[in-house]
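Asker: Take this sequence and fold it.
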Amino acid sequence: RMETDCNPMELPSNTGFEEDSDYRDFEGADVKDMRLEAEAVVNDVLFAVSNMFVSKNLPCAEDVAYINVETRERNRYCLELTEAGLRVVAYDFDQTDDRLQTPYHETVYSLLDSLSPAYREVFGNALLQRLEALKKETQS
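Answerer: Coordinates of the predicted model:
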């Protein structure tokens, strides 16, 4: 009988179970992932809108999450986040309107850019400030 020391950190982390849908559903990992993705979207652009949060009233599923956003112009939207991207599904918080056929946007930036001139301005200014800070860093 041969004994070997095995450091668990050396074992391959991808065992293949993650890819198998039976195991994925068992873990509920995708549900959490889409919600985490939605939270990340919110954290990315919250500074440039009046209000934005993941909906607690509409159901998160393994392939969808909903985000409520109020632009600086005080317009309210409910956004659907899926693998296809983000799109407006209603013109109020926690609503969906199946008759609404709005285009998908690959990024939240593109979506908000199309909805809110004030967002575009705030985001652009933040970008300029960041670039100027980087410029100062490289000059010192």
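Asker: ok, which stretches of the chain are helices?
Answerer: Counting by DSSP state H, the chain has helices at residues 21-27, 29-45, 108-115, 117-139.
Asker: Contacts for the longest one, please.
Answerer: Judged by CB atoms under 8 Å, 6 or more residues apart in numbering, the contacts made with helix 117-139 from elsewhere in the structure are 45, 47-49, 71-73, 109, 112-113. Yep, even glycine has a C-beta here, placed from its N, CA and C like the rest.
Asker: Low-confidence regions, this protein specifically.
Answerer: Scanning the chain for pLDDT under 70 picks out 1-32.
Asker: can you do 80?
Answerer: Scanning the chain for pLDDT under 80 picks out 1-33.
Asker: Next, the contact list for the nearest residue to L100 once chain neighbours are set aside, please.
Answerer: Closest residue to L100 apart from its sequence neighbours, by CB to CB, 6 or more residues apart in numbering: V89 at 6.1 Å. Contacts for V89 (CB under 8 Å, 6+ apart) come out as 66, 78-80, 95-97, 100, 102.
Asker: mind redoing it with 7 Å?
Answerer: Counting by CB atoms under 7 Å, 6 or more residues apart in numbering, V89 touches 78-80, 96-97, 100.
Asker: Buried among those? Need that as a selection in ChimeraX.
Answerer: To isolate the buried subset of these in ChimeraX, counting by 16 or more other CB atoms under 10 Å, use the following:
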select :78,79,80
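Asker: re the thing from before, which members of the contacts of helix 117-139 are the farthest-apart pair?
Answerer: The span of those, defined through CB to CB, is set by E73 and Y109 at 17.0 Å.
Asker: Comparing the two, which residue is more hemmed in?
Answerer: Neighbours per residue (other CB atoms under 10 Å) separate E73 from Y109, with Y109 holding more: 17 against 12.
Asker: Tell me the spacing between the more buried one and T96.
Answerer: 23 Å (CB to CB, to the nearest Å).
Asker: so how far is D92 from L100?
Answerer: Distance of L100 to D92, computed by CB to CB: 11 Å.
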